[in-house]
Structure formats: structure tokens, C-alpha cells
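> missing the sequence, but the structure's below:
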């Protein structure tokens, strides 16, 4: 559940390091598309090369986008790659203190796989019916018969931006150890916290289970029905936008909007795996009438992207929660980077509140943060290595470095 806090009074409650964009650096906002269909290309690899520097590798989100902050001004060579497409190369000049936008169009290679496939056999409403019929843990992931429990590590950062000046005025950084037990038990322990700046609002730490539910000013709200409710097809319109084919997998992007414009609801997109009807991700925001119920809130949005582990389980890899008031924006990004499936978890873990801040979390020193960063980097490398050793479909193995960053 997302919790909105209008004022930050206690370091102990929601204590991050600065993610501020300074005037001396640049921002790159890039979009990858299929040159024939114009469809967005998620999971594309974007490599940025600069003279005298190591290449930087990034992966596009479900919208086919990346946004990279803190780049040094000057000439940069950008290459986009994706299985089934010819690489796209370009060179641009990054300007100091400005955002550079770039669209990378990739040409399909006919002998391999195409991004856009014609899907006549499963309509958007039918895909939604099949997803709803599946056992599912809220909006986090589909339930799997041979997955009982899991533990995961996560790192989260949050920034607060003054909407008038676009200045980052506060930040939080925290480390998380999470635990799941079916059907619907999630425990998240905050193991490290550090923060800076002057707070005017914040988002509670950890993964949120549903974009349709939250707390504002200690008052809870819930949008019902929501797009994955049992009766959602009576209240929402669904439209298939595109289908991505990678290896032996197909993922459809479904547009979502309320059928009745005079009722509170959610707008945005859902991504569904057509092979087993698992939830791959979503990007949903409250509509205007829903926002009217939340005093002082102008925007409420949650984006979640799942990654397929062991060629079977779609589990959360990134979640971004964005809340805006008239004067400030709070954005929290959480990345899950290690899963231990079917772990032996003590029942006592789930007897406490869902989010627990451990006593030592607020006293972590620089040694802890340095070790945690190194451990996180090592876990990413190990996970990519394990996934590429036969656990992904053959076509995914060719994607190479950066797939799970």
C-alpha cells in the first residue's frame, strides 16, 4: 500500500542520498521503436559510449524508454540493440543542464523475430479474463503452483522535487529484505536508511501491492472496482496495443480505461504474457474523479516491471511510485535484485506489521553502504550469469549483458 506523508517530521519514520540533477550535467531521454510498426520496444539494450570512458549499458522499460541522469556534457555515441532487429546507431551532443531527447528506430530482421505480431486468436478482454482467472497476489505477480515462498533483496531511492523550480530538495535511500508466503502475505524489513534535505511529502518504503489502494493523511482509500477485479470487464474498457515476441514468449500490452467517465477509476496499461497469462507489469494512474477524493493530491501513479526468472516466474524487478501535489513531486524507485525461491521462512516473520524498520537501520555507517553497493553489483552479475546458463529461452540468451539491470 502506498502511503502519502504531507510533512516529514521524523528521520526514523521514512528516512536517501541525493539524486539531484545539477546544472553541470545532462539528461538523456531515449525511446526505442519498431521502424515498421512504430510499436515501443521493451527490454532493448541501449549502450552509451564516450571517449575515454567505459560503456554504459541500460535496458528500456515496458514503454521502450530509458531516462539517464548525471551524464557529462559532450559528444556521445548511442547504440540500441534487440534480438530480431538490426542495431541502430547515432551520435549526439549532450548539452549542459538540458534534457536531450532521442528516438531510436530499429529495423526488423525478417529471418529472425519481429516485434509486432498479428494476434487474432486472443482479444484484449479474453486476455484480461484469463489473467483474472489465474491465482494472483494483488498486482505483484501471478501465483505459481511450484513456488511456495520466496525471499528477496531490494534497494530503493526516493526524491522530492519542487515543481516550480524543478530542484531536488530531499532524498531517501534504503535497503530492504523482503519475504513472501502464499496466498497474500508480504513482509518487508528495512535494513538500512539514510536521508538528506527538507521534506514536504514522501512515499512509504517498499513495494506496494496495488495501485488502487493507499493512505493519504492517515486516511485510507481504495478504488473499486479496479482493472483486475473479478467484475472488471463490466467497468473497464481494454484494448490490445501491441504484442512483443521474444524467443518463445509473447507479451501483450493492453490499454485500460474506465467505461464510465463519471466514476473513479484507473487509467494506463497492463502487460500480460500470452503463454501462461501471467502479469508482466503495469503502468496505472488514478483518473480525475479518483483524485478528487484525495485532498491535496494532483497525481498518483504506479509503474511495475516484472522479470521472468528460471524461465517460469514473472516476479517484480522494478517499481516506481509517483505522487504530485501542487508544489512538490515525490518519486520512489524500488529495484529487486535477488530472489531465493521456496525459502524456509519462519512464521514469525509474517506476524509483525508488513513494513518493519529494524533498530540498526538508522545507524548504518559508510562501510555498510559501500558493502551493500558492492553486494548489489555482484548479485546483478551473478543473476545475469545464471539466467544465461540455460534458464532463459534461447532468444533471450542472445540479449547478453544488461538484461536484468
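Nice, I can see it. Keep in mind that what you see is a predicted model, and the values were worked out from it rather than measured.

> going forward, measure contacts between C-alpha atoms and count neighbours the same way
Will do.

> mean confidence score for stretch 262-274?
For stretch 262-274, mean pLDDT is 94.

> in it, which residues are buried?
264-274 (16 or more other Cα atoms under 10 Å).

> ditto for stretch 331-349
Using 16+ other Cα under 10 Å as the test for burial, stretch 331-349 gives 331-339, 341, 343, 349.

> so which pair among those is furthest apart in space?
Based on Cα to Cα, the longest span within those runs between 331 and 343 and measures 31.3 Å.

> can I get the buried residues of stretch 262-274 in a markdown table including secondary structure and distance to residue 138?
Below are the buried residues of stretch 262-274 laid out as a markdown table (DSSP: H, G, I helix; E, B strand; the rest coil; distance: Cα to Cα, whole Å):
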| residue | secondary structure | distance to residue 138 |
| --- | --- | --- |
| 264 | coil | 19 |
| 265 | coil | 16 |
| 266 | strand | 15 |
| 267 | strand | 17 |
| 268 | strand | 17 |
| 269 | strand | 16 |
| 270 | strand | 13 |
| 271 | strand | 15 |
| 272 | strand | 14 |
| 273 | strand | 16 |
| 274 | coil | 19 |
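
> wait, which of the residues you listed is closest to residue 141?
Checking the buried residues of stretch 262-274 against residue 141 by Cα to Cα gives residue 272 as the nearest, at 10.7 Å.

> that closest one contacts residue 129, correct?
No. Counting by Cα atoms under 8 Å, residue 129 is not a contact partner of residue 272; they are 11.2 Å apart.

> how far away is residue 370 from residue 57?
The spacing between residue 370 and residue 57, counted by Cα to Cα, to the nearest Å, is 22 Å.

> compare these two (neighbour count), which wins?
residue 57 (17 against 11; other Cα atoms under 10 Å).

> give me the element the residue nearest to the more buried one when sequence neighbours are not counted is part of.
Closest residue to residue 57 apart from its sequence neighbours, by Cα to Cα, 6 or more residues apart in numbering: residue 47 at 4.6 Å. Taking DSSP states H and E as the definition, residue 47 sits inside strand 45-49.

> who touches that strand?
55-60, 76-82, 399, 402-403 (Cα atoms under 8 Å, 6 or more residues apart in numbering).

> try 6 Å
55-59, 76-81 (Cα atoms under 6 Å, 6 or more residues apart in numbering).

> in its sheet, what does the helix or strand that comes right after that strand sit against?
Note on strand 45-49: by DSSP H and E, the next helix or strand toward the C-terminus is strand 56-59. With DSSP bridges as the test, strand 56-59 is paired with strand 45-49 (antiparallel).

> the strand it pairs with - what's its average pLDDT?
Across strand 45-49, the per-residue pLDDT values average to 90.

> any idea how far it is from the middle of the chain?
Centroid separation between strand 45-49 and its chain, computed with Cα atoms, centre = their mean, to the nearest Å, is 20 Å.

> the strand or helix carrying residue 156 - what's its average pLDDT?
Assessed by DSSP H and E, residue 156 sits inside strand 150-162. What strand 150-162 shows for mean pLDDT is 93.

> give me the contacts around it.
Against strand 150-162 from outside (Cα under 6 Å, 6+ apart): 167-180, 328-343.

> give me the low-pLDDT residue ranges for this structure?
1-23, 110-120, 245-248, 374-405 (pLDDT under 70).

> same thing but 50
6-22, 111-117, 119, 384-405 (pLDDT under 50).

> quick check: domain ranges of it?
As assigned by automatic domain parsing, the chain contains the domains 2-19+117-374, 26-106.

> is residue 73 in contact with residue 92, as I believe?
No. Contact criterion Cα atoms under 6 Å: residue 73 and residue 92 do not qualify, at 10.4 Å.

> who's more crowded, those two?
residue 73 (16 against 13).

> who's the closest residue in space to the more buried one that isn't next to it in sequence bridged to?
In this structure, residue 73 finds its nearest non-sequential neighbour in residue 94, 4.8 Å apart by Cα to Cα, 6+ apart. On the basis of DSSP bridges, residue 94 is bridged to residue 74.

> do a quick rundown of the helices in this protein.
Assigned by DSSP state H, the helices in the chain fall at 124-133, 288-291, 366-386, 394-397.

> how about the first one: buried residues?
In other words, helix 124-133. 124-125, 127-132.

> distance check, the residue lying closest to residue 164 once chain neighbours are set aside against residue 285.
Distance criterion Cα to Cα, 6+ apart; nearest residue to residue 164, sequence neighbours excluded, is residue 327 at 6.7 Å. Separation of residue 327 from residue 285 (Cα to Cα): 19 Å.

> wouldn't the residue nearest to residue 164 be in contact with residue 163 here?
Yes. Contact status for residue 327 versus residue 163: in contact at 5.4 Å, counting by Cα under 6 Å.

> which residue ranges of the stretch 301-405 of the chain form strands?
Along the stretch 301-405 of the chain, counting by DSSP state E, counting those that start in this stretch, strands occupy 313-324, 328-341, 355-357.

> tell me which of those sits nearest to residue 141.
Once the strands of the stretch 301-405 of the chain are compared by Cα to Cα, strand 313-324 is nearest, at 5.8 Å.

> please name every helix or strand in contact with the closest one.
Applying 3 or more Cα pairs under 6 Å, 6 or more residues apart in numbering; DSSP states H and E, one finds that strand 313-324 makes contact with strand 299-309, strand 328-341.

> please tabulate the ones you listed in a markdown table, including the columns distance to residue 205.
Below are these laid out as a markdown table (distance: least, Cα to Cα, whole Å):
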| stretch | distance to residue 205 |
| --- | --- |
| strand 299-309 | 13 |
| strand 328-341 | 8 |
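
> do you know which of the ones you listed lies nearest residue 25?
Going by Cα to Cα, the one of the helices and strands packed on strand 313-324 nearest residue 25 is strand 328-341, 20.5 Å.

> in its sheet, what does the closest one sit against?
strand 150-162 (antiparallel), strand 313-324 (antiparallel).

> can you put the ones you listed in a markdown table and add distance to residue 141 and mean neighbour count?
Output for the strands paired with strand 328-341, formatted as a markdown table (distance: least, Cα to Cα, whole Å; neighbours: other Cα atoms under 10 Å):
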| stretch | distance to residue 141 | mean neighbour count |
| --- | --- | --- |
| strand 150-162 | 12 | 22 |
| strand 313-324 | 6 | 22 |
